Each structure stands twice: as C-alpha cells, then as structure tokens.
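Asks: what follows is a predicted protein model with its sequence.
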Amino acid sequence: MSTEETASSSKTAPEDDGMTWWYRWLCKIAGVAGGISCAIAGVWNCVTVNPLNIAAGVWMVLNAFVLFLCEAPFCCQFIEFANSVAARADKLRSWQKALFYCGMALFPIFLSFSFTTLFGNAITFATGVLYGLASLGKKGGAVTYARLQHQKQGDEERMTGTTSGAPE
C-alpha cells in the first residue's frame, strides 16, 4: 500500500473518540429525548403574554430542531442539508458537543427562569453532560493503577535513600 492510499484511507475512516457503541447510542437517545422535551416545553412556553417567555419558547423549539438535526437526521429527511449537518456534527469532538449542548440548554433558562424552561432543557443539558463525560475518556484499569503505585513507591524510596524500609 502506498502512502497516498494510506492517507486517503485515513481521511475516510471516522476518528475514534474512545466511546463504546452503547454509550454513543445512549448519547443519541438522550439527544432525541432532549429534543422532544424541548419541543413540547417550548410550545407550552409560547402560550403566554410575557415576551421573554415567548422568546425562550421559540429558542427551545429551535434547540429541538438542532438536536434532531444533529442526533437523528432521519427525523428531518425532507430537509436537504440535514445529512451534511449531521455529518459535520459527528466530526465534532465530545467536549465541543458538550459545550454546545449545555450552552444551548442554558440560554432559554437565562431568558426566562421557570419550571417549563428548567425541565424542558434538563434532558438537553444532560445530553451535554454525557458528551462531556465521554470527553474525559475511559478510566484506567487495575494493572495501570498498580503500576503507578509501584512507580510512586519506588520514587519515594529513592528520595529517602532506603530500599527495604529499614535504616541502613
């Protein structure tokens, strides 16, 4: 295989972010559930006279649309650019999605703090938290932890100048 073929195959392969298949699906399902809750609460929030509640409700409906567009593009199959937006969203790193989803969920709460905006955006914020936890990576195994502890013990022995724990 030549270097050009290797470079082209590495460009087409998706970047492995360390997420397992079930965690990736959990994040997608949480995103869809967040979109549903945002849409319902956003429409409910628009049934008022207060302009800030209406603005927060419209923003929540837009949040629902963005969540459906990024997490479940098959829900938006009649929108021409849905697949390209979803492909770009899949290329984002986990921490970028976490920051985007959490910020997107907090904005309507700052506009109009009420139970509707709080509970309507809770699942969207939880989706951002799930992506944020994914960006931390996997936890280390017992072997790695034991190796680090052994190395730490060796460093302490070198600093004190003892190897068996008894003074020389």
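Replies: Yep, it's here. Every value quoted in this text rests on a predicted model; they were computed, and no experiment measured them. Numbering: from 1, shown residues only.

Asks: so the residue most central in space within the chain is in which element?
Replies: What sits nearest the mean C-alpha location of the chain, by Cα atoms, centre = their mean, is residue 131, with 1.9 Å. Following DSSP states H and E, one finds residue 131 within helix 122-136.

Asks: of all the residues in that helix, which ones are buried?
Replies: Residues of helix 122-136 classed as buried: 122, 123, 124, 125, 126, 127, 128, 130, 131, 132, 134, 135 (neighbour count, 16 or more other Cβ atoms under 10 Å). (Each C-beta comes from the backbone N, C-alpha and C, glycine too.)

Asks: pLDDT of the longest helix seen in the chain, averaged?
Replies: Secondary structure assigned by DSSP state H gives helix 21-46 as the longest helix of the chain. For helix 21-46, the per-residue pLDDT values average out at 92.

Asks: re the thing from before, and the next helix or strand after the helix holding residue 131, what does it pack onto?
Replies: Going down the chain from helix 122-136, the next helix or strand is helix 142-160, by DSSP H and E. Counting contacts by 3 or more Cβ pairs under 8 Å, 6 or more residues apart in numbering; DSSP states H and E, helix 142-160 is packed against no other helix or strand.

Asks: mind checking how far helix 142-160 is from the chain centre?
Replies: Centroid displacement of helix 142-160 relative to its chain, using Cα atoms, centre = their mean, to the nearest Å, is 34 Å.

Asks: reformat the buried residues of helix 122-136 as TSV; add pLDDT and distance to residue 44.
Replies: Conversion of the buried residues of helix 122-136 to TSV gives the following (pLDDT from 0 to 100; distance: Cβ to Cβ, whole Å):
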residue	pLDDT	distance to residue 44
122	94	14
123	93	15
124	93	15
125	95	18
126	94	19
127	93	20
128	93	22
130	93	25
131	92	26
132	91	28
134	88	31
135	86	33
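
Asks: what is the nearest of these to residue 63?
Replies: Nearest to residue 63, judged by Cβ to Cβ, of these is residue 124 at 6.1 Å.
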